[in-house]
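Q: task: produce atomic coordinates for the following.
(chains A, B, C and D)
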There are 2 protein chains.
Amino acid sequence: MEDRKRRILQAIVDDYVHTAEPVGSRTVARKYLPGVSPATIRNEMADLEEQGYLEQPHVSAGRIPADRGYRFYVDELMPRPELPLEVQQEMRRELGSAPDPDQLIYRAGRTLSRRTRYASLVLKPSLRRLTVRHVRFTPVDRAHVLLVVVADAGFVYNRLLQWSDATEQADVLERLSGVLTRALAGATARDLDRTLLEQLGDELPTRRLRELALTPLMELLGQGQEGEQAYLDGMPFLLEQPEFRDVERTRQVLDRLQEPQTLVEVMMGGDVGDVSVVIGREQPVSELQRCSVVLAPYGPGDRPVGVIGLIGPTRMDYRLTVAAVRAMAEMLSETLERLPGDN
Amino acid sequence: MEDRKRRILQAIVDDYVHTAEPVGSRTVARKYLPGVSPATIRNEMADLEEQGYLEQPHVSAGRIPADRGYRFYVDELMPRPELPLEVQQEMRRELGSAPDPDQLIYRAGRTLSRRTRYASLVLKPSLRRLTVRHVRFTPVDRAHVLLVVVADAGFVYNRLLQWSDATEQADVLERLSGVLTRALAGATARDLDRTLLEQLGDELPTRRLRELALTPLMELLGQGQEGEQAYLDGMPFLLEQPEFRDVERTRQVLDRLQEPQTLVEVMMGGDVGDVSVVIGREQPVSELQRCSVVLAPYGPGDRPVGVIGLIGPTRMDYRLTVAAVRAMAEMLSETLERLPGDN
DNA sequence: GTTTAGCACTCGTCGCGTTCGAGTGCTAAC
DNA sequence: GTTAGCACTCGAACGCGACGAGTGCTAAAC
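A: Residues are numbered from 1 along each chain as shown, chains lettered A, B, ... in the order given. Down below sits the predicted model:
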């Protein structure tokens, strides 16, 4: 694309992102390309529209970026995403030290949405992606045993099991916990093929134990996509955006967004590597076609285990959101590696 | 209040709740009191307004109930709250059996909001209100220990502790867990005065252990109001209500409602006993003055440990919401007592 | 004394036509 | 290839009148 067209597209995206008003040729000429006349810009804009980068809400309005325009902007035109150092520090402070990783990722989402004024998404790592540290069967009352699996970074997964004579079997449960912890510690779900677990089964005294204890454990370890947990935070920030002025349309979006299934679907749409941006219709969920999502994987060290991100109207501040999501994913990963920090 | 006035007030509330339109004397006469002329009704309505039960949006509109009108309705006029048996069964089915109590209360909120189309509130019991069943210190990695407290009904509370040489001290942690569990099992936070914990301290080998282990445990057990956790679900349902047509006002309400602090505050406003209804301005939070809240305590057996409820516009269907909240609180309490149920 | 018919009055909503202006595309000149 | 000029489009804003729901008051009826 010729340089002037790029500059015009960039000008339109920049302006539209901040004003939410269609941008006319006059505005572009005056504010962004003082050397060029509106008429020239009009010609270029007509070209850009024909190529699908821009669209016109109606004849007598200016242009607004189309999905393709945003895509080009994000890939080629956008200034390097950077967050003011002070904002970064504030985010880090707000993230602070949480009492446990669940709280930590929850706070990460919260801070991210507070700081950017878009809604945040967080995907909690499923046990499948983590390394098991500890398995523990704990009697709760006569008829119930709590299975607790502690994983990497201190993520905890519980399951309450029905169990007759739980209290009498305290020592059995104790031994069971020991055996399973020794066997599984350091293993990821991937390592745990049937064989290993069946071998384990042999170590357990009775067949009954095998069923009661091993089956739910395997379920917990192998839980599929329905086991993924996702949080959404900062919904009300979306209402600040003029595109959500229309309550009926907004309701449909938010309705869909409160379905955990949708969140998981949306967050699975990112690349595995760095920050990824999914713009408007690139997204599979039809109700969210006017929204964009910025996602980044996080996890202790470099191992991505979960996803964190932001969702907003396609007219979102990509530079800000990409910078913020990247920064937060990094902070979160760091913190998860160092774990709780001080206090 | 004379019978006719009561009937008129009831008619106005019933009608307004369903239509969201101010109710005129003609409507009342035709639909609810066919024997009486509109003029008579007008006189009565003027009285009711003077006494603060009704208000008039503007001169040429009908009347709508004032907070005081709703209050009288809820206390005296409302038909006995009852949920169709099939709805109750559907709710019970949806609540079903959850893998752990956290999931259970989450689902309870979700189902409650789905079924009533208002937003649901759930207050998770703080450890202070529960009985301790099990205390467990689990090494996670070299530098961290996870403190897990299992309480009544299988509620789980975690805290990640910094700890040097955690792995080497596995057996110490093991013994520590045993000692503390034996000492604390069956105790509520109330029983745990300083003395008991200090006695415990004597049983621990080193002063270092006392600090590392006991301090966070005491914190966890005694955590005050900031330790309360609250969930909000079904926000988008509120957008279906015509009073939330105005985005700006709605944003303020939702903004406030996403503050966990607010939720706790709101949910602490209920009575301890049965279902309680807090109407409009009776509520301390100024942004929620046009909202009402229906709350009920829940807990295993008859011991209330948490609160569940609904929030909606003051023009909410009190009969439905009271019935639903009551039913859900009962189901939840039952389930928490019986615990996970089958599967 | 209570109820009701009649009536003048209020006031918000809706539909309609007008104006205004931002922005465009096209044409012709530079 | 660029730009000035111009006719044209069309949405937003405004004003205006008609409409109608609903009221309060008065006076008559019960």
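
Q: residue A:139 falls within a strand, correct?
A: Yes. Judged by DSSP: H, G, I helix; E, B strand; the rest coil, residue A:139 forms part of a strand.

Q: what residues does the stretch 1-150 of chain A have near DNA strand D?
A: A:4, A:35-40, A:43, A:58-61 (C-beta under 7 Å from any atom of the strand). For the C-beta atoms, the positions are set from N, CA and C on the backbone; glycine is no exception.

Q: bridging residues for the residue nearest to the spatial centre of chain A?
A: Central residue check for chain A by C-alpha atoms, centre = their mean: the C-alpha nearest the mean position is that of residue A:308, 2.8 Å away. Note on residue A:308: beta-bridge partners residue A:122, residue A:296, judged by DSSP bridges.

Q: pull out the buried positions in stretch A:139-155.
A: A:139-141, A:143-155 (16 or more other C-beta atoms under 10 Å in any protein chain shown).

Q: whoops, I mixed them up, stretch A:320-333
A: Buried residues in stretch A:320-333 (16+ other C-beta under 10 Å): A:320-329, A:331-333.

Q: one step back: against residue A:118, how distant is the residue nearest to the centre of chain A?
A: Distance of residue A:308 to residue A:118, computed by C-beta to C-beta, to the nearest Å: 12 Å.

Q: ranges for the helices of the stretch 201-343 of chain A?
A: A:207-209, A:215-222, A:235-238, A:247-257, A:260-267, A:318-338 (DSSP state H, counting those that start in this stretch).

Q: got phi/psi on the residue of the stretch 51-200 of chain A found nearest DNA strand C?
A: Using C-beta to the nearest atom of the strand, the single residue of the stretch 51-200 of chain A nearest to DNA strand C is residue A:60, 3.5 Å away. Here is the backbone geometry of residue A:60 (degrees, to the nearest 10): phi -90, psi 20.

Q: pLDDT score for it?
A: Looking at residue A:60, its pLDDT is 87.

Q: same question for the one 4 residues further on.
A: According to the predicted model, the pLDDT of residue A:64 comes to 96.

Q: that one is in contact with residue A:53, isn't it?
A: No. Taking contacts as C-beta atoms under 8 Å, residue A:64 lies outside contact range of residue A:53: 10.5 Å.

Q: which one's more surrounded, the two?
A: Shown here are residue A:64 and residue A:53; by other C-beta atoms under 10 Å in any protein chain shown, residue A:53 has more neighbours (25 against 20).

Q: now chain A against DNA strand C: closest residue?
A: Residue nearest to DNA strand C within chain A: residue A:24 (2.8 Å; C-beta to the nearest atom of the strand).

Q: and for that residue, the neighbour number?
A: The burial count assigned to residue A:24 is 19, neighbours taken as other C-beta under 10 Å.

Q: hang on, the earlier thing: right, and the residue nearest to the centre of chain A touches residue A:113 too?
A: No. With contacts counted by C-beta under 8 Å, residue A:308 stays clear of residue A:113, the gap being 10.6 Å.

Q: shared neighbours of these two, anything?
A: residue A:120 (C-beta atoms under 8 Å, 6 or more residues apart in numbering or on different chains).

Q: contacting residues for the closest residue to residue A:299 other than its chain neighbours?
A: Residue nearest to residue A:299 in three dimensions, not counting chain neighbours: residue A:305, with 3.7 Å by C-beta to C-beta, 6 or more residues apart in numbering or on different chains. Applying C-beta under 8 Å, 6+ apart, we find residue A:305 in contact with A:125, A:129-130, A:152, A:297-299.

Q: for residue A:64, what is the enclosing helix or strand?
A: Here residue A:64 sits within strand A:64-65, counting by DSSP states H and E.

Q: before we move on, back to that, for the residue nearest to the centre of chain A, give me the pLDDT.
A: For residue A:308, pLDDT reads 97.

Q: need the residues of chain A near DNA strand C, please.
A: Listed as neighbours of DNA strand C in chain A under the rule C-beta under 7 Å from any atom of the strand: A:21-27, A:38-39, A:42, A:45-46, A:49, A:56, A:59-63.

Q: can you say which of these are buried?
A: Buried among the residues of chain A next to DNA strand C (16+ other C-beta under 10 Å): A:22-25, A:27, A:38, A:42, A:45, A:62-63.

Q: if we can go back for a sec, among the contacts of residue A:305, which pair sits farthest apart?
A: A:152 and A:297 (14.7 Å; C-beta to C-beta).

Q: which of the buried residues of stretch A:139-155 come close to chain B?
A: When the buried residues of stretch A:139-155 are filtered against chain B using C-beta under 8 Å from any C-beta of the partner chain, the residues retained are A:139-141, A:143-144, A:146, A:148, A:150, A:153-154.

Q: now the residue lying closest to residue A:184 once chain neighbours are set aside: which helix or strand?
A: Distances taken as C-beta to C-beta, 6+ apart put residue A:132 closest to residue A:184, at 4.5 Å, once the chain neighbours are dropped. Using DSSP H and E, residue A:132 sits in strand A:132-141.

Q: what lines up beside that strand in the sheet?
A: Using DSSP bridges, strand A:132-141 pairs in its sheet with strand A:144-151 (antiparallel).

Q: starting at the chain centroid, how far to the partner strand?
A: Computed by C-alpha atoms, centre = their mean, to the nearest Å, the chain-centroid distance of strand A:144-151 equals 26 Å.

Q: quick check: angle from that strand to helix A:215-222?
A: 30 degrees (axes from the mean of the first three to the mean of the last three C-alpha atoms, to 10 degrees).

Q: tell me the average confidence for strand A:144-151?
A: pLDDT averaged over strand A:144-151 gives 88.

Q: dump the C-alpha coordinates for it into PDB.
A: C-alpha atoms of strand A:144-151 as PDB (Å, rounded to 0.1, in the frame of the first residue of the first chain):
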ATOM      1  CA  HIS A 144     -17.800 -37.600  52.300                       C
ATOM      2  CA  VAL A 145     -14.200 -37.300  51.300                       C
ATOM      3  CA  LEU A 146     -12.700 -34.300  49.700                       C
ATOM      4  CA  LEU A 147     -10.200 -34.900  47.000                       C
ATOM      5  CA  VAL A 148      -7.700 -32.000  46.800                       C
ATOM      6  CA  VAL A 149      -5.100 -31.800  44.100                       C
ATOM      7  CA  VAL A 150      -2.500 -29.200  44.400                       C
ATOM      8  CA  ALA A 151      -0.700 -28.300  41.200                       C
END
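
Q: can you name the element that comes right after it?
A: strand A:156-162.

Q: so where's chain A uncertain?
A: Scanning chain A for pLDDT under 70 picks out the ranges A:166-167, A:189-206, A:223-226, A:339-343.

Q: 80 - rerun?
A: Within chain A, the ranges that satisfy pLDDT under 80 run A:1, A:96-99, A:141, A:164-170, A:185-212, A:222-227, A:272, A:301-302, A:338-343.

Q: need the strands for it, in chain order.
A: Secondary structure of chain A (DSSP state E): strands at A:54-55, A:64-65, A:119-124, A:132-141, A:144-151, A:156-162, A:229-233, A:276-279, A:291-298, A:306-313.
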